[in-house]
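Engineer: Build me a model:
(one chain, ligands or ions: 1)
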Amino acid sequence: MSEQAEIGVIGGSGFYSFLDDVSEITVETPYGPPSDSLFVGETGGRRVAFLPRHGRGHHLPPHRINYRANLWALRSVGVRQILAPCAVGGLQPKYGPGTLVVPDQLVDRTKSRAQTYFDGEELGGNRPSIIHVTFADPYCETGRRASVRAARDHGWEPVDGGTMCVIEGPRFSTRAESRWHAAQGWAVVGMTGHPEAVLARELELCYSSLALVTDLDAGAETGEGVSHEEVLRVFGENLDRLRGVLFDAVANLPTNGERKCPCGSSLGGQEPGIVLP
Ligand SMILES: [Zn+2]
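Structural biologist: Take a look at the predicted model:
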């Protein structure tokens, strides 16, 4: 039982550990190894599996992360609900460093990532069905509400909603790209929010994101542009309160058996062809 969890937390840049007293679990998946071991522990009576998205010590750039293995590994230890903190750039001047955004939409501008489990590839003798999941609302509303409430309880008024634009990276945007993203009214820009969100949907997992603004993106500021050092510095300054918000957000989530959102039936009863873990 100590290897089982109900909630997953995927930590982003600068966020490499979550709970203190953890079991480290190595999980193999049909898609290869996840970014790192899972670190399973407990907070407030809830079993949580933590996965550092970029690996301990940050050795994986966003476009090399094995997103399929990461989500598969979390599901295989029992996780059905995921909170996904990440570092992002603010696209609007009002969303400066230290702003917490709980997005309700995303725009995918990635280019080269495996973003489905259902691509017809043979897997252990099974051929996945062709399935088109509904993705109109990419985030779990229950998880969003749990996160917004937790932030408010910490006196950190979050931006409730907004669009996260996900770029391929690893470079940051040009000023022209950034101004274009901002002109669409999008709130923040990151590099990891997709395909994580859609792969969670394909595995019938609840998934919501907590996007911490670490800098103003190139189109919204007038200085030299974003640097990775600046991202890590601001993330580090906010890490303790973000961790506090996550503990409370975990506590606010329903048990897996009490989920009322549509996430748990996103395959609509279709036969996936592969056996979900
Ligand atoms: Zn859900």
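Engineer: ok, which stretches of the stretch 1-150 of the chain are helices?
Structural biologist: Ranges of helices within the stretch 1-150 of the chain are 67-76, 141-153, based on DSSP state H, counting those that start in this stretch.
Engineer: Output those in JSON lines; the columns should cover mean pLDDT, mean neighbour count and distance to the ion.
Structural biologist: All C-beta spots, glycine's among them, are computed from the backbone N, C-alpha and C. Converted to JSON lines, these look like this (pLDDT from 0 to 100; neighbours: other CB atoms under 10 Å; distance: least, CB to the ion, whole Å):
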{"stretch": "helix 67-76", "mean pLDDT": "98", "mean neighbour count": "24", "distance to the ion": "14"}
{"stretch": "helix 141-153", "mean pLDDT": "98", "mean neighbour count": "21", "distance to the ion": "5"}
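Engineer: Dump those into TSV; add distance to F15 as well.
Structural biologist: Shown next, in TSV, are these (distance: least, CB to CB, whole Å):
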stretch	distance to F15
helix 67-76	14
helix 141-153	15
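Engineer: which parts of stretch 231-240 are buried?
Structural biologist: Within stretch 231-240, the residues scored as buried using 16 or more other CB atoms under 10 Å are V231, V234, F235, N238, L239.
Engineer: now swap in stretch 184-204 and tell me
Structural biologist: Buried-residue list, stretch 184-204, by 16+ other CB under 10 Å: 186-204.
Engineer: Which of those residues fall within strands?
Structural biologist: Of these, the ones assigned to strands by DSSP state E are V188, V189, G190.
Engineer: Now do the same for the second one: its pLDDT.
Structural biologist: The one in question is V189. pLDDT, V189: 97.
Engineer: start to end distance for stretch 82-102?
Structural biologist: 14 Å (CA to CA, to the nearest Å).
Engineer: got the residues of the stretch 101-250 of the chain near the ion?
Structural biologist: With CB under 5 Å from the ion as the criterion, the stretch 101-250 of the chain meets the ion at residues C140, T142, C206.
Engineer: Ramachandran angles for the last one?
Structural biologist: This means C206. Phi and psi for C206, reported as degrees, to the nearest 10, are phi -80, psi 140.
Engineer: That one: what's it in contact with?
Structural biologist: Applying CB atoms under 8 Å, 6 or more residues apart in numbering, we find C206 in contact with R80, Q81, I82, C140, T142, G143, A200, L253, R259, C261, C263, G264.
Engineer: Filter those residues down to the ones in strands?
Structural biologist: If you go by DSSP E, those have Q81, I82 in strands.
Engineer: could you dump the contacts of C206 to a markdown table with distance to Q115?
Structural biologist: As requested, those are exported to a markdown table (distance: CB to CB, whole Å):
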| residue | distance to Q115 |
| --- | --- |
| R80 | 21 |
| Q81 | 21 |
| I82 | 16 |
| C140 | 18 |
| T142 | 24 |
| G143 | 20 |
| A200 | 11 |
| L253 | 25 |
| R259 | 24 |
| C261 | 22 |
| C263 | 17 |
| G264 | 21 |
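Engineer: now the contacts of C206: which count as buried?
Structural biologist: R80, Q81, I82, C140, T142, G143, A200, L253, R259, C261, C263, G264.
Engineer: Identify the farthest-apart pair in those residues.
Structural biologist: Maximum pairwise distance in those, criterion CB to CB, is 14.3 Å, between A200 and L253.
Engineer: Quick one: neighbours of E122, just the number.
Structural biologist: When neighbours are counted by other CB atoms under 10 Å, E122 registers 9.
Engineer: What about the nearest residue in space to I167 that is not next to it in sequence, how many residues nearby?
Structural biologist: Spatial nearest neighbour of I167, excluding adjacent residues (CB to CB, 6 or more residues apart in numbering): R109 at 5.0 Å. For R109, the count of nearby residues is 16 (other CB under 10 Å).
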